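> Starting from these lines, generate the structure:
(2 chains)
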Amino acid sequence: MTYSVNGTPVTGEPAPGQCLRTFLRAAGHVEVKKGCDSGDCGACSVLIDGRAVHSCITPAQRANGREVTTAAGLGDDGALAPVQEALADHLGFQCGFCTPGMAVTASTLNPELADDPDALARAMRGNLCRCTGYRPIREAITHSLCGSAEGCGGCSRTLSRTADAGAGPASEGVGAAVAHPAADRIVAGREPFTFDEAPADTAYVAVLGSPHAHARVLAIDATTALAMDGVLAVLTHEDAPDVWFSTARHEHREDDPDDTRVIDSVMRFVGQRVAAVVAETQRVADLATQSLVVEYEVLPHVLDPEEARSPGAPVLHPHRTPADRVADANRNVVAAAHDATGDVEAALAASAATASGTWTTSRVTHAQLETHGAIAWVADDGRLTVRTSSQVPFLVRDELAHVLGRERDSVRVFAARVGGGFGGKQEMFCEDLVALATLRVGRPVAYEMTREEEFVRTSVRHPFRVSVRAGADASGRLTALHVDVLSDTGAYGNHAIGVMFHGCSESIAVYRAPVKRLDAEVVYTNNVPSGAFRGYGLGQVIFAIESALDELALQLGIDPFEIRRLNAVRPGDDFIVAGAPEEDLVFGSYGLDECLDLARASLAGPDDVAAPDGWDVGEGVAASMIATVPPRGHLASASIAVDSDGVFHARSGTAEFGNGTTTVHGQIVASAFGVPRSRVTLTHADTDAVRYDTGAFGSTGIVVAGKALHAACEALASALVNAGARVLGLSADECAVGSDGVSAGGRTVGWEELVAAVEPAHRRDGLAYAESHLDQRERSVAFNVQAFRVAVRRDTGEVRILRSVHAADAGVVLNPAQCLGQIEGGVAQGIGSALYEEVMIGADGAVANPAFRQYRVPQMADVPVTHVQFASTSDALGPHGAKSMSESPYNPVAPALANAIRRAVGVRPYGLPMSRDRVWRMLRD
Amino acid sequence: MDLAAVQTMRVARTRADLALAPGEQFMAGATWLYSEAQPGLTGLVDLSGLGWDRVTPEADGSLTVGAMVTVADLARWGDGSGLAAAPLFRQCAESLLASFKVQSAATVGGNVARSYAAGAMIALGATLDASASVWLADGDCADVPVSAIPAGNGVSTLAPGDAIRSLSFPAHALAALTAHRRIALAEHGRSGALLAGRRDQDGSCVLVITAATLTPVVLRWPTVPTPDAVVAAALAAPGYYSDALGSADWRRSVAATLLAEVAEELA
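Sure thing, here's the model as predicted:
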């Protein structure tokens, strides 16, 4: 058939049953993204004869004779369309994976929607963004619909994109609200993600998942599959190395239990890899998996975590021992913590008020728009090379070497731009399989997960049951705090230990109580595995503690902001969970007081949405603390080099997955040398780029990797100044580095001369060079306060957010627009977890809602405006005084909403999500 | 998504082309078909060559809507029709889970034939007493009330090879006053309960529950009932169910609450 794409005629024959999305991508139009492949997320949106469609649910044949327009051809003559310009200028993306489809869809909207936010949100309900919380997208679309280049009622900000080479640097350095360096490419879909570039001759993997929650594989008959045209190999447990590891990746591999094989002969959850087919095409691989005949011995399974640790429960990992980091395999207990300071029973008995309850949280899927996936091949240099959608390329490299029994130097792992992660890509869910497959079939192999696989075969947020007993004296001072946690890690222990300990750390340490007790266990069940998720356990425990604190405030008639101020740690205090003080935590700065003040003042502002008649209205608040760096070491290397043209080449190991690291790293270089970002190149997320980097988790992109880059920049600046001083015959303190080189007294030493004159230790490959290696062990703390005013309809359970405010203690904010976006996105994800999202498990152990149409990721209509304010702190530890601010805004959202609902209706919610049916039932019972 | 097992695709142009070979299924808007893996589906028969894409006002005041008319086109036609019942066309189109991009591809006939409990074209047809003209696989024809086509959530009474040609909306229903309510677990999520009603010019009243129940519940009264009567009837209705989009007890309660609002609006 013949059709046109972006004005260019194309001839090709789609296969029967082929959708337009894969047909366009096969023709090179990789700007058409895959988020769900089921018509729910909109990442694949294109125009057919000017009409927007989801190309994943459009038969390719229906483009016959039509004009197809993608994000890459949306503007006139190769320029960006107005909505794309607006999305770039308003920072209308973070990871950028949803952005091309967002732009295509928005380009067809009626201008009248600029004045009708509800109608705009309704129209955009077929486009999901997991990162931003939609506010900047809404502003950008509204701006473009207004058709005004000068801005309009829809927006109040414009950003500077990377300035021309001649432009001054002042507007681009640290502290400026500059746009992402790749903004223009991202909005047009031209920035390559993991699967947008692949080696020629790539083969594809499809995985057969277990239909049983617990079973032993007795036999696999692959005869039919192997006879199919195009099938290259079928991999089973017999092909997998006999090496046990964890999909979770940490700086220390001993942080996680060795309980996983690439393919195991025992199935412990529905969906676990039984076998993998490698084939010439994805379609053949998919079909071939259906022809595998597997014989199972079905074993008894356990889905409830309390049952799992009770006598008589099926044992999931009977052969694991404490040496494998499984504390008590016969009780299915991966790890436990029991600690106390003082006598809780006595302290509670003597308290003026006590509050207690058991709070539960749900499984949540990360729902990053780019699914997991990796491509592996053996490069010309003989190294196993893996291109992957990962937050932690160095850790993946190290573990691949371990699993495959290779030298570390024989493996290279890198990431292109990563389409979101939220913790889900601090795992090795694909790389092991593609590595095994490529070594087997001798050609490049790709494994791109489907959205369903994301639900059934990756990881979810750990569901917690948290019992809290808290006591206070009549003035509201805490007398005792007992926290009892049961975490369900599912079938494997990836992140089980870390999430349990971290979840019970800053959440408890933030409050001073003379008597504290902690009992915590994390157990195996035959559920889909849990894993790292934004907040890393804190949000679950904070939900319970902040709810209990609210209950005490109600009983004692104390203002909820004041009870937090009264009990919070402050500089000079130790950080105590329930035992010895935390040794590596320090107050690099303290902004909780200010955050409480800011949030309270802001909550007093007017409703953004009016309360409907007859609905009950209430206000709620919650606070949270987080350490700015993960514990026990987080390493980063960075280098900076300048060439004789004055172009700076920065290298770091950390990954960009929407957290904005590349933007801030560019700003750090711009500030250090007084140059515009157009003279800065960035290379990152590649094990070849720098010596080492622990990776992008724990909000470390700025406070660790950025700090390392900052140090490298300072070292290079010093070397350049010394070189310039030598040339000029002056002392170094008379000279300064600037955009033209090193200057003093009206004379300037240009870049070419400087590069030649720099001392040998700072010379590399013809460039002036410096590097820095950082092991950040000392950690500061950051705070967040969230407050809501809500209205609740009793007879339907509907909750409407009338006003949402957030105060953040981020230290010095290096990019206000971007940091605002991280907070808004975190609040939006928090609202999702609090009101809507739950991965449901059926009685058979299978995920019951493995698609976006059944699992409710917040849409534009579901996310209110959040008024964000920053405390005026400057941190002693972070670069330029900055603190981490990616994970933490999520943590106080659910309890703030729960407390607001409680105060509106007089009944306290104990379970997440507080969905309409649950709120309705709570009020009826 | 790509439908891995599909080997053949043919465009039907005559009734004879509608005879399905083993493994074949009809394809209308394709928006559901391509949204899930379809194991065992080896052939597609495209209905877009049959010309069933017209909205035709008939001489007797009734309306014939071709099965391949898109949800968006029907809503747009309704907007310009001047009919008393026109608002319900738009409201039901907007009740779809899917965005405007899907509404402009999904067909009225496909939505009815798919027979999801939340199928908004079923709510429209059931409320306005529409009947479907069906070409039966055995060569006969039949007129079937739209409300009788679903047999369960995603299960139809149509046999394999039966094809809905068109829906016919009677004149008296098109002249009726209508009202609509819907609720889902999220603002624009798949309907947990979709309530619609109409009051004819003779005062008689039809109230319909869909989405909350496995099949449509059609309640008829000689005059608009009191809210109490509506609540009692809704609570007594059969077929409330639980799934990821809402529990049965909640669906039953909110269906009753919101159906009473529909009745109040019609009174």
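> pretty sure A:Arg565 is touching A:Leu596, no?
Yes. At 5.5 Å, A:Arg565 counts as touching A:Leu596 under the criterion of C-beta atoms under 8 Å. In this view, the C-beta of every residue, glycine as well, is placed from N, C-alpha and C.
> looking at chain A, which helix or strand is least sure?
helix A:700 (a mean of 80; mean pLDDT, DSSP states H and E).
> Show me which residues of the very next helix or strand once past that helix are buried.
With elements assigned by DSSP states H and E, the helix or strand that comes after helix A:700 is helix A:707-728. For helix A:707-728, the neighbour count (16 or more other C-beta atoms under 10 Å in any protein chain shown) marks A:707-713, A:715-717, A:719-728 as buried.
> now swap in stretch A:49-57 and tell me
Within stretch A:49-57, the residues scored as buried using 16+ other C-beta under 10 Å are A:52-57.
> contacts for it?
Residues outside stretch A:49-57 that contact it (C-beta atoms under 8 Å, 6 or more residues apart in numbering or on different chains): A:19-21, A:24, A:32, A:34, A:36-39, A:42, A:44-47, A:66-67, A:69, A:104-105, A:107-108, A:126, B:1, B:30-35, B:100-102, B:104-105.
> More neighbours: A:Arg565 and A:Leu596, which one.
Taking neighbours as other C-beta atoms under 10 Å in any protein chain shown, A:Arg565 and A:Leu596 compare with A:Leu596 leading, 23 against 16.
> in which helix or strand would I find that one?
Using DSSP H and E, A:Leu596 maps to helix A:592-603.
> helices or strands up against the next helix or strand after that helix?
The first helix or strand that comes after helix A:592-603 along the chain, using DSSP H and E, is strand A:616-627. With contacts defined as 3 or more C-beta pairs under 8 Å, 6 or more residues apart in numbering or on different chains; DSSP states H and E, strand A:616-627 has these neighbours: helix A:506-509, helix A:538-556, helix A:560-567, helix A:592-603, strand A:781-792, helix A:893-905.
> will you turn these into a markdown table that also has mean pLDDT?
Listed next are those as a markdown table, based on pLDDT from 0 to 100:
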| stretch | mean pLDDT |
| --- | --- |
| helix A:506-509 | 98 |
| helix A:538-556 | 98 |
| helix A:560-567 | 98 |
| helix A:592-603 | 98 |
| strand A:781-792 | 98 |
| helix A:893-905 | 98 |
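> got those as CSV, with distance to chain B columns?
Output for the helices and strands packed on strand A:616-627, formatted as CSV (distance: least, C-beta to the nearest C-beta, whole Å):
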stretch, distance to chain B
helix A:506-509, 28
helix A:538-556, 20
helix A:560-567, 28
helix A:592-603, 23
strand A:781-792, 14
helix A:893-905, 15
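> Export the buried residues of stretch A:49-57 as JSON lines, with columns for secondary structure and pLDDT.
Shown next, in JSON lines, are these (DSSP: H, G, I helix; E, B strand; the rest coil; pLDDT from 0 to 100):
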{"residue": "A:Ala52", "secondary structure": "strand", "pLDDT": "98"}
{"residue": "A:Val53", "secondary structure": "strand", "pLDDT": "98"}
{"residue": "A:His54", "secondary structure": "strand", "pLDDT": "98"}
{"residue": "A:Ser55", "secondary structure": "helix", "pLDDT": "98"}
{"residue": "A:Cys56", "secondary structure": "helix", "pLDDT": "98"}
{"residue": "A:Ile57", "secondary structure": "helix", "pLDDT": "98"}
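> I'd like those as TSV, with distance to A:Ala367 appended.
Formatted as TSV, the buried residues of stretch A:49-57 follow (distance: C-beta to C-beta, whole Å):
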residue	distance to A:Ala367
A:Ala52	22
A:Val53	22
A:His54	17
A:Ser55	20
A:Cys56	17
A:Ile57	19
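> And these, which is closest to A:Arg273?
A:Cys56 (24.9 Å; C-beta to C-beta).
> quick revisit: can you check which of the helices and strands packed on strand A:616-627 gets nearest to A:Val586?
Of the helices and strands packed on strand A:616-627, nearest to A:Val586 by C-beta to C-beta is strand A:781-792, at 8.0 Å.
> list the helices and strands the closest one packs on?
By 3+ C-beta pairs under 8 Å, 6+ apart, strand A:781-792 packs against helix A:592-603, strand A:616-627, strand A:799-808, helix A:893-905.
> which neighbours does the third one have in its sheet, and in what orientation?
Spelled out, that is strand A:799-808. The strands beside strand A:799-808 in its sheet (DSSP bridges) come out as strand A:781-792 (antiparallel), strand A:866-870 (parallel).
> any chance of those in CSV, plus distance to A:Arg679 and mean neighbour count?
Converted to CSV, the strands paired with strand A:799-808 look like this (distance: least, C-beta to C-beta, whole Å; neighbours: other C-beta atoms under 10 Å in any protein chain shown):
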stretch, distance to A:Arg679, mean neighbour count
strand A:781-792, 32, 29
strand A:866-870, 30, 21
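> how close does A:Cys36 get to chain B?
9 Å (C-beta to the nearest C-beta, to the nearest Å).
> That residue is in contact with A:Phe97, isn't it?
No. Between A:Cys36 and A:Phe97 there is no contact under C-beta under 8 Å: 11.6 Å.
> which residues touch the nearest residue to A:Arg747 once chain neighbours are set aside?
By the measure of C-beta to C-beta, 6 or more residues apart in numbering or on different chains, the closest residue to A:Arg747 outside its immediate chain neighbours is A:Leu728, 5.9 Å from it. The contact partners of A:Leu728, taken as C-beta under 8 Å, 6+ apart, are A:735, A:742, A:744-745, A:747, A:749.
> Out of those, who's the most crowded?
Most crowded among these, counting by other C-beta under 10 Å, is A:Val742 at 28 neighbours.
> Which helix runs longest in chain B?
The longest helix of chain B (DSSP state H) is helix B:248-266.
> Tell me which other helices or strands that helix touches.
Counting by 3+ C-beta pairs under 8 Å, 6+ apart, helix B:248-266 packs on helix A:916-924, strand B:177-183, strand B:193-199, strand B:205-210, helix B:227-236.
> Adding distance to A:Glu13, write the helices and strands packed on strand A:616-627 out as JSON lines.
As requested, the helices and strands packed on strand A:616-627 are exported to JSON lines (distance: least, C-beta to C-beta, whole Å):
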{"stretch": "helix A:506-509", "distance to A:Glu13": "58"}
{"stretch": "helix A:538-556", "distance to A:Glu13": "50"}
{"stretch": "helix A:560-567", "distance to A:Glu13": "65"}
{"stretch": "helix A:592-603", "distance to A:Glu13": "59"}
{"stretch": "strand A:781-792", "distance to A:Glu13": "54"}
{"stretch": "helix A:893-905", "distance to A:Glu13": "50"}
